[in-house]
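In: Pasting the sequence and the predicted model now:
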Amino acid sequence: MQQEDSTEARPWWQFGHVWLVISGPAIVVVAGFITLYLAVSGMDPVLDKDYYRKEAQASKTPEKGNPSSLAPATQARNHAATGVPQKEPIAPPAK
């Protein structure tokens, strides 16, 4: 009795699992080029040398808000981080 081999030699591109293996790295390469395009085309603006000083001054003005108005948020953050409430609650600023 002779057994006939039903599998014939086919080219590599006709096997589905080959394309599954190739598609992973190919998708990563395409995503890399998309990321490169986004990084080059969407550059951040250049800031002034004294940008941070101007922002610090602007945050002290009444229209931007007083930094002491963040006191309740700071108290809650400290309580959440340590689990120990402060002895004396900080009152919100008077308007």
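Out: Looks like it came in fine.

In: need the helices for the chain, in chain order.
Out: For the chain, the helices defined by DSSP state H occupy 16-41, 51-59, 71-82.

In: Adding mean neighbour count, distance to Glu8 and mean pLDDT, write those helices out as TSV.
Out: Quick note: C-beta positions are derived from backbone N, CA and C, even for glycine. Output for the helices of the chain, formatted as TSV (neighbours: other Cβ atoms under 10 Å; distance: least, Cβ to Cβ, whole Å; pLDDT from 0 to 100):
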stretch	mean neighbour count	distance to Glu8	mean pLDDT
helix 16-41	10	16	95
helix 51-59	11	71	77
helix 71-82	12	68	73
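
In: of those helices, which approaches Thr7 most closely?
Out: Thr7 lies closest to helix 16-41 among the helices of the chain, at 14.7 Å (Cβ to Cβ).

In: Dump the helices of the chain to JSON lines, plus distance to Arg10.
Out: Putting those into JSON lines (distance: least, Cβ to Cβ, whole Å) gives the following:
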{"stretch": "helix 16-41", "distance to Arg10": "11"}
{"stretch": "helix 51-59", "distance to Arg10": "64"}
{"stretch": "helix 71-82", "distance to Arg10": "63"}
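
In: Relative to Ala9, which of those is closest?
Out: Here helix 16-41 is closest among these (Cβ to Cβ), at 14.5 Å.

In: just checking, what packs against that closest one?
Out: The contact analysis (3 or more Cβ pairs under 8 Å, 6 or more residues apart in numbering; DSSP states H and E) places helix 16-41 against no helix or strand.
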